[in-house]
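*Asks:* what's the 3D shape of this:
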Amino acid sequence: MHATDFIVARHDLQQYKVIETELPDAGTLPGEALLVKVVSFAFTANNITYAVLGDQFNYWQLFPAPKGFGNIPVWGFGDVIASKHPDIAEGERLFGYFPMATHVVIEAADVSKHGLRDAAAHRQVAAPVYNAYARVSGDPSFAGRRGDFQALLRPLFMLSFLVDDFLAENDFFGAQSVMLSSASSKTAFGLAHLLHTRRNGIKVIGLTSAPNVAFVKSLGCYDEVVTYDAVTSLPPDSPVALVDMAGNSELRATLHNHFGDQMKYSGRIGLTHRSSSPDEPELPGAKPTWYSAPVQIRKRAKEWGSGGVGTRFGAAWSGFAPMLDGWLTVTEGRGPAAVRQVYLDTLNGRVPPDQGHILAL
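*Replies:* The predicted structure is shown next:
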């Protein structure tokens with residue numbers, strides 16, 4: 001039997017290919033290892049960010065590929081089809097970080113009732129969250145359409161949750177408004193939902209392109225929606241914070257120059273526009289800095305104690321998930337041709353913001 005992988009050229013993401021490799025025999029698996037069939041995975045603009053930052057944040061190291069190519073990590077579901085671990089049975093379903101492939105080997109460690117981690121040496125270069133797998137067999141919240149929403153949005157909403165917590169912990173850096181670029185993106189509207197539900201007087205402003213205005217307004221979690229060409233119409237004398245999902249150097253410079261010292265926080269989160277210059281000049285106002293979710297989650301895990309992050313995140317997710325049926329249409333695709341099409345459409349910005357794609361090779 002063979003495994004199939006969808007891989008991309010690391011330094012030219014427009015180039016891709018589908019390869020086949022020999023599937024490991026169950027008898028040759030390392031001790032306590034699992035052979036997992038990847039059942040389905042979500043693909044969003046966030047996965048393109050993983051690819052763009054693959055070298056910087058070691059994403060390319062997680063699922064090895066031939067020289068010059070990389071396997072983009074995705075969130076999804078896998079079924080154990082062979083197990084060398086005494087506490088994990090064949091047929092068990094896992095939720096976590098997978099390659100764009102049909103199969104993967106996981107070296108199971110720290111196995112508990114609810115989860116496990118991959119202890120493979122090459123996986124240890126990334127934050128622990130990327131090596132953790134939830135054991136979800138029989139869990140209705142990970143089944144059917146609810147499972148699709150988990151794959152599409154749960155990892156992104158964790159980032160939304162952590163950014164919301166970070167801003168609130170710092171009293172929004174004195175800002176009266178929070179601007180979210182790429183407001184139609186899933187991470188952005190998850191954060192907008194959390195900020196909106198706080199109802200603490202902070203104004204939530206969505207920055208977006210003209211074609212996405214109607215969708216962003218329909219979400220109901222932005223107090224104001226502004227197109228990119230109109231951002232200088234915003235009052236420049238009110239303190240603001242910028243959560244930058246777009247990663248557009250020109251837009252960021254325009255906002256900083258417009259608000260000057262009233263730009264109290266400028267957090268770089270995503271790269272949906274993939275228009276960042278490596279040599280950005282110094283800008284007025286708060287210095288743009290990359291936000292680190294691992295730092296915040298480690299901090300809160302220490303402060304909130306065992307299970308504290310999970311309990312608070314679960315409560316936040318339970319308030320967010322019911323909205324998704326009205327916000328997103330889920331489309332399913334199977335096979336290399338479907339994966340290729342969704343990959344290229346996402347890479348080139350052709351996926352409408354109200355669509356979510358669930359795929360399998």
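*Asks:* center of this structure - which residue?
*Replies:* For the chain, Leu156 is the residue whose C-alpha lies nearest the centre (CA atoms, centre = their mean; 3.9 Å).
*Asks:* Give the rounded mean pLDDT of the helix or strand where that residue lies.
*Replies:* Leu156 is part of helix 144-169 when elements are defined by DSSP states H and E. Per-region confidence: helix 144-169 scores 96 on mean pLDDT.
*Asks:* Stretch 221-235 now?
*Replies:* Averaging pLDDT along stretch 221-235 yields 97.
*Asks:* Contacts for it next, please.
*Replies:* Under the contact criterion CB atoms under 8 Å, 6 or more residues apart in numbering, stretch 221-235 has outside partners 179-180, 183, 189, 192-193, 195-196, 203-210, 213, 216-217, 240, 251, 254-255, 258-259. In this view, the C-beta of every residue, glycine as well, is placed from N, C-alpha and C.
*Asks:* Which residue ranges of this structure form helices?
*Replies:* 45-52, 144-169, 186-198, 213-218, 249-259, 293-304, 308-320, 324-327, 336-347 (DSSP state H).
*Asks:* Would you mind finding the most buried of these?
*Replies:* Mean neighbour count (mean count of other CB atoms under 10 Å) peaks for helix 186-198 among the helices of the chain, with a mean of 23.
*Asks:* Run the angle between it and helix 144-169 for me.
*Replies:* Counting by axes from the mean of the first three to the mean of the last three CA atoms, to 10 degrees, helix 186-198 lies at 60 degrees to helix 144-169.
*Asks:* Please write out the alpha-carbon positions of helix 186-198 in PDB.
*Replies:* Once non-C-alpha atoms are left out, helix 186-198 reads as follows in PDB (Å, rounded to 0.1, in the frame of the first residue of the first chain):
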ATOM      1  CA  LYS A 186     -12.000  33.400  10.600                       C
ATOM      2  CA  THR A 187      -9.500  34.400  13.200                       C
ATOM      3  CA  ALA A 188     -10.500  38.100  13.000                       C
ATOM      4  CA  PHE A 189     -14.300  37.500  13.300                       C
ATOM      5  CA  GLY A 190     -13.700  35.100  16.200                       C
ATOM      6  CA  LEU A 191     -11.800  37.800  18.000                       C
ATOM      7  CA  ALA A 192     -14.400  40.400  17.000                       C
ATOM      8  CA  HIS A 193     -17.100  38.100  18.500                       C
ATOM      9  CA  LEU A 194     -15.200  37.900  21.800                       C
ATOM     10  CA  LEU A 195     -14.500  41.700  21.900                       C
ATOM     11  CA  HIS A 196     -18.100  42.400  21.100                       C
ATOM     12  CA  THR A 197     -19.400  40.200  23.900                       C
ATOM     13  CA  ARG A 198     -17.300  41.900  26.500                       C
END
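*Asks:* Which elements pack onto that helix?
*Replies:* With contacts defined as 3 or more CB pairs under 8 Å, 6 or more residues apart in numbering; DSSP states H and E, helix 186-198 has these neighbours: helix 45-52, helix 144-169, strand 177-180, strand 203-208, helix 308-320.
*Asks:* so for it, what's the average pLDDT?
*Replies:* Averaged across helix 186-198, the pLDDT comes to 95.
*Asks:* hmm, who's touching it?
*Replies:* Under the criterion CB under 8 Å, 6+ apart, residues 44-46, 152-153, 156-157, 159-161, 163-164, 167-168, 178, 180-183, 202, 204, 206, 216, 219-223, 243, 245, 269-270, 316, 319-320, 323, 327, 356 lie in contact with helix 186-198.
*Asks:* Next one: the residue nearest to Thr21 when sequence neighbours are not counted from Lys217, what distance?
*Replies:* Leaving aside its sequence neighbours, Thr21 sits nearest to Ala3 (CB to CB, 6 or more residues apart in numbering; 5.1 Å). From Ala3 across to Lys217, the span is 44 Å (CB to CB, to the nearest Å).
*Asks:* Am I right that Ser141 is in contact with Arg154?
*Replies:* No. Applying CB atoms under 8 Å, one finds Ser141 not in contact with Arg154, separated by 9.9 Å.
*Asks:* Identify the contacts common to the two.
*Replies:* Contact criterion CB under 8 Å, 6+ apart; residues shared by Ser141 and Arg154: none found.
*Asks:* Could you check how many residues crowd around Glu280?
*Replies:* Counted with other CB atoms under 10 Å, residues neighbouring Glu280 total 13.
*Asks:* Test my guess that it contacts His256.
*Replies:* No. Judged on CB under 8 Å, Glu280 makes no contact with His256 at a distance of 9.9 Å.
*Asks:* Which neighbours do the two have in common?
*Replies:* Shared contacts of Glu280 and His256, defined by CB under 8 Å, 6+ apart, are found at Pro288.
*Asks:* quick one, phi/psi of the nearest residue to Ser238 once chain neighbours are set aside?
*Replies:* Computed as CB to CB, 6+ apart, the closest residue to Ser238 that is not its neighbour in sequence is Gln176, at 5.4 Å. When read as degrees, to the nearest 10, the backbone of Gln176 gives phi -100, psi -20.
*Asks:* contacting residues for Gln176?
*Replies:* Counting by CB under 8 Å, 6+ apart, Gln176 makes contact with Gly201, Ile202, Lys203, Ser238, Pro239, Val240.
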